[in-house]
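Asker: Sharing a sequence plus its predicted fold:
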Amino acid sequence: MHPHVVRALVLVTVVAILAVGAIPLLILLDLTGGGTGWGICEQGIDSCRVGNFSGPRLAVVLMSVLLGLGALVRFVVWLAGLAGRSRAAGMSRDDIYIP
């Protein structure tokens, strides 16, 4: 992989991780500003009736996405290191084995 491609992929993935991590903060900011919290509370925070599992379900989804994005960053860096080692050893692209 070209080093600029690796940097771009890592940058895009890190920005996605930051965006997913900011979602709970943005929901809370919307609720405190009188909004609906992106549809969580229909008439605002004063009359909000949220079920017992809405918060944990959102947390599980966000954590799953964050773990998946972290695994993607790890895979891209591993793949770049594998390609870099093979280039340093004088191997051609056909000699790279990716399990």
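Answerer: Yes, it's here. Numbers count the residues shown, from 1 in each chain.
Asker: What is the neighbour count of His4?
Answerer: For His4, the count of nearby residues is 8 (other C-beta atoms under 10 Å). Glycine gets a C-beta too; all of them are placed from N, C-alpha and C.
Asker: what do you get for Leu18?
Answerer: Per other C-beta under 10 Å, the neighbour tally for Leu18 reads 10.
Asker: what about it, which helix or strand?
Answerer: If you go by DSSP states H and E, Leu18 is part of helix 3-32.
Asker: Same question for Gly35.
Answerer: Gly35 belongs to no helix or strand, assigned by DSSP H and E.
Asker: Make 59 the starting number, not 1.
Answerer: OK, 59 is where the count begins now, so the last one is Gly93.
Asker: got a list of what the nearest residue to Val131 once chain neighbours are set aside touches?
Answerer: For Val131, ignoring the flanking residues on the chain, the nearest one in space by C-beta to C-beta, 6 or more residues apart in numbering is Thr71 at 4.9 Å. Thr71 makes contact with Leu127, Leu130, Val131, Val134, according to C-beta atoms under 8 Å, 6 or more residues apart in numbering.
Asker: Please identify the buried residues of the helix holding Leu76?
Answerer: For helix 61-90, a neighbour-count test (16 or more other C-beta atoms under 10 Å) marks Val64, Leu67, Thr71, Ala74, Ile75, Val78, Ile85, Asp88, Leu89 as buried.
Asker: what's the closest non-adjacent residue to the most centrally placed residue in the chain?
Answerer: Residue closest to the average C-alpha location in the chain (C-alpha atoms, centre = their mean): Ile75, at 3.4 Å. Of all residues not flanking Ile75 in the chain, Leu127 sits nearest, at 4.9 Å (C-beta to C-beta, 6+ apart).
Asker: Please state the offset of the lowest-mean-pLDDT helix or strand in the chain from the chain centre?
Answerer: Across the helices and strands of the chain, mean pLDDT, DSSP states H and E gives its lowest value to helix 112-146, namely a mean of 84. Counting by C-alpha atoms, centre = their mean, to the nearest Å, helix 112-146 is centred 8 Å from the centre of its parent chain.
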